[in-house]
Structures are given as structure tokens and as C-alpha cells.
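Enquirer: Next comes the sequence, and after it the predicted model I'd like to discuss.
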Amino acid sequence: MSEGYRNQTRNCILQKDDVGRAKRSTYDLPDDNHAFGRAEQPDMEGAGEVTMNWAAHVPSSKQGPDQRDFLRINKKAAGSKVTSARDLREFTKMNDIKVAPTGPSGVLPKIIPSDVIPSFAYGVKARPSTPIHQVLNGDYEAAENNRLEALYRQREDALEARQKKHKVQMTKSAKAQIENARALKTAEGAPDPPAPFKMNKYKNVSSKLNLAPLGKSASTPAL
């Protein structure tokens, strides 16, 4: 095959390339200013608008009670030995199962006191500050002294009232008998003091310790 035929043919396989050069194209290509590919419509928002503006999330619509529950339909169809698409279509016509209304997800929120009483405060109530001015003036000491005096006075009044209540009123004859008994006891003299206690087996035992009569001590100074 001649070199001229190779250069004139439009078969890309027969084209011969030079060292370090690409093969000459056999296709009718547009000029160098042409851009290949599909032209896309530019976005309304660029990178600046996307990064500087925050779009809030819009949740998808929830399933309503008028929608079919395909999960339960398929389970029921599998239990009824439905194996083909045609039988499933007939089965869904006879068994139109709707989506059950969903209850609240998760644990219900607990009601705390501040939800009912806006002025409710949590924590332990701290004690009020010490009135140092009253402490320095001695107001607490004076109040305590007054309280103690009132308490002692109340006890004394109660004791006097109790003594007056239980006081025995003596008659003249009772007083004379008491005075005569006291005079008779004084005239007879005081009774002898009782003997010291001693066991019966030691009553007749004499002392074996002989003590000399105490005389003048040698250490007594001469006067």
C-alpha cells in the first residue's frame, strides 16, 4: 500500500503516525474555538450564595391514612402464597391495607414544675445574709437575756403557786401537840448512837495490838 493512498484514505487504522506526533485525524472536526460537550444551564446560586445563606430544612410529607401500606400487603401476600405479579395485583385489589396512624415517637416529654409554674425556681434555698449590724449592737444578746428572765420568772411563779396550793393549815391544837412532842424529846436527851457494826464471830475477840499512850513528840519544839 502506497504512502499516498494512506494519506488520502479516511480509514483511521491505515493512518501512520510520526515519532512524537499524533495521527492525523480522518474526521471532519470543527475549528479550534469549538467547545465539545453539552452546555448546562447555569445555576441560579453560585458558591458564594450557597455558603453565605442558610436554607432551613423542609421535612418530607408524612404518610397519611389514605396511603397503602405496601409492607404489610407484601407480607400478607407472601403468607397467602402469592408468587407472581399478576396474582399480587389481584391480591391488592381484594386487600387494600392502609397505613396505620403513627403515634408519638420515643418517650413522651415529662412535665416539669417550671412548665406549669413559670416562677418556679430550682435548687436549695440559701439562708439569708447575717445582719451584722444587729450582731454588733448586741440585739440578739439582749433578746436572749429577756427570754431567759421571762422563763425564770415563769418558773418561780409556778413554784410559788404550787407551794401555796399544797400548804397545810395547822390548827392551834395540832401546833400545841407538835411543840409538846419536841419538848419531851429534848428533855429525854438524844438517843445513844448505834454501836458500830461487827460480825458475831468477832464480837468477843480482843485486840492483839498494844499501843503505848501517845506522849510528847520528839519533834515538838520547846516553848
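Expert: Yep, that arrived. Numbering: from 1, shown residues only.
Enquirer: now the most centrally placed residue in the chain, what's its secondary structure?
Expert: Per C-alpha atoms, centre = their mean, the C-alpha nearest to the average position across the chain is that of Gly123, at 9.9 Å. Judged by DSSP: H, G, I helix; E, B strand; the rest coil, the three-state class of Gly123 is coil.
Enquirer: likewise the one 5 residues further on?
Expert: When the structure is reduced to helix, strand and coil (three-state DSSP), Pro128 reads as coil.
Enquirer: least trustworthy helix or strand in the chain by mean pLDDT?
Expert: Using mean pLDDT, DSSP states H and E, helix 3-8 stands out as the lowest-scoring helix or strand of the chain, at a mean of 72.
Enquirer: which residues are contacting that helix?
Expert: Helix 3-8 has contacts (C-beta atoms under 8 Å, 6 or more residues apart in numbering) with 14-16, 24. (Each C-beta comes from the backbone N, C-alpha and C, glycine too.)
Enquirer: go with 10 Å
Expert: Counting by C-beta atoms under 10 Å, 6 or more residues apart in numbering, the neighbours of helix 3-8 from elsewhere in the structure are 2, 14-16, 24.
Enquirer: Please spell out which residues along that helix are buried.
Expert: Burial within helix 3-8, assessed by neighbour count using 16 or more other C-beta atoms under 10 Å, is assigned to no residue.
Enquirer: For the contacts of helix 3-8, give me CSV that also has pLDDT.
Expert: Supplementary listing: these in CSV, determined by pLDDT from 0 to 100:
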residue, pLDDT
Ser2, 73
Leu14, 78
Gln15, 77
Lys16, 76
Arg24, 76
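Enquirer: How far does stretch 79-91 stretch from one end to the other?
Expert: Separation of the first and last residues of stretch 79-91 by C-alpha to C-alpha, to the nearest Å is 12 Å.
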